[in-house]
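**Q** Sequence first, predicted model second:
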Amino acid sequence: MKLVILFGPQAVGKMTVGQELAKITDLKLFHNHMTIDLVSNFFSYDSAPGKRLVSLFRQEIFEEVAKSDLAGLIFTYVWALDYQGKWDFIDKISHIFESKGGTVAFVELESTLEERLERNKSPNRLEHKPSKRHVEHSEKDLLNAMQKHRLNSFPGEIKKEHYIRIDNTELTPEAVAHLIKARFQL
């Protein structure tokens with residue numbers, strides 16, 4: 001059982017890389033907006049009920065996958081590295097898989113702001129993330145998150161055994177997926 005956590009700032013390409021990785025492995029993609037956009041039909045993601053429901057759905061999916069006969073899961077996440085609660089969440093989901101004998105791989109993506117602003121408007125992103133379809137609001141959120149949180153790690157900060165950092169500014173999602181597959185023998 002494998003859990004691949006693809007993390008990095010908004011519009012860095014996590015979901016698109018995850019889609020490509022799912023195509024060339026037996027892993028299933030669970031991008032973070034699957035739960036956010038589901039819950040957003042009822043409650044704002046920023047509300048207490050919205051956050052509770054997103055957390056609950058994710059927890060249940062992680063637990064069921066970890067004890068299943070599936071090959072594993074690709075999970076995408078915007079990890080605010082300056083916020084302990086996000087580190088705790090990563091430790092919690094890692095433990096779910098590791099406690100069942102699974103391996104957790106950490107893939108950090110980084111890209112230039114200019115590239116991310118372009119990707120924020122991509123048809124694939126808008127198709128699969130309904131809450132991002134108001135592009136002006138999404139872009140404002142992307143820029144605000146950069147001011148509020150640190151979304152890429154400092155050198156040497158991530159001390160996980162199975163970790164890779166990839167600047168995918170100039171790489172295709174297919175190329176990044178193949179790098180990940182080879183690095184972690186997926």
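**A** Arrived safely. Numbering: from 1, shown residues only.
**Q** From here on, just use CA atoms for contacts and neighbour counts.
**A** OK.
**Q** What mean pLDDT does stretch 39-46 get?
**A** Stretch 39-46 comes out with an average pLDDT of 90.
**Q** Please apply the same query to stretch 56-66.
**A** Stretch 56-66 comes out at a mean pLDDT of 97.
**Q** how far is it from where the chain is centred?
**A** 15 Å (C-alpha atoms, centre = their mean, to the nearest Å).
**Q** which other residues reach the lengthiest helix in the chain?
**A** Ranked by number of residues, the top helix in the chain under DSSP state H is helix 48-66. If you take C-alpha atoms under 8 Å, 6 or more residues apart in numbering as the criterion, helix 48-66 is touched by 1, 35-36, 39-40, 42-45, 72-73, 93, 96-97, 100, 102.
**Q** Which helix or strand in this structure has the lowest average pLDDT?
**A** Lowest by mean pLDDT, DSSP states H and E among the helices and strands of the chain is helix 123-128, with a mean of 77.
**Q** next helix or strand past that helix?
**A** Using DSSP states H and E, the helix or strand that follows helix 123-128 towards the C-terminus is helix 135-148.
**Q** Just give me how far that following helix sits from the chain centre.
**A** Worked out by C-alpha atoms, centre = their mean, helix 135-148 lies 17 Å from the chain centre.
**Q** List the buried residues for that helix?
**A** The neighbour-count check on helix 135-148 (16 or more other C-alpha atoms under 10 Å) flags 138-139, 142, 145 as buried.
**Q** Repeat that for stretch 87-98.
**A** By neighbour count with 16+ other C-alpha under 10 Å, stretch 87-98 contains the buried residues 93-98.
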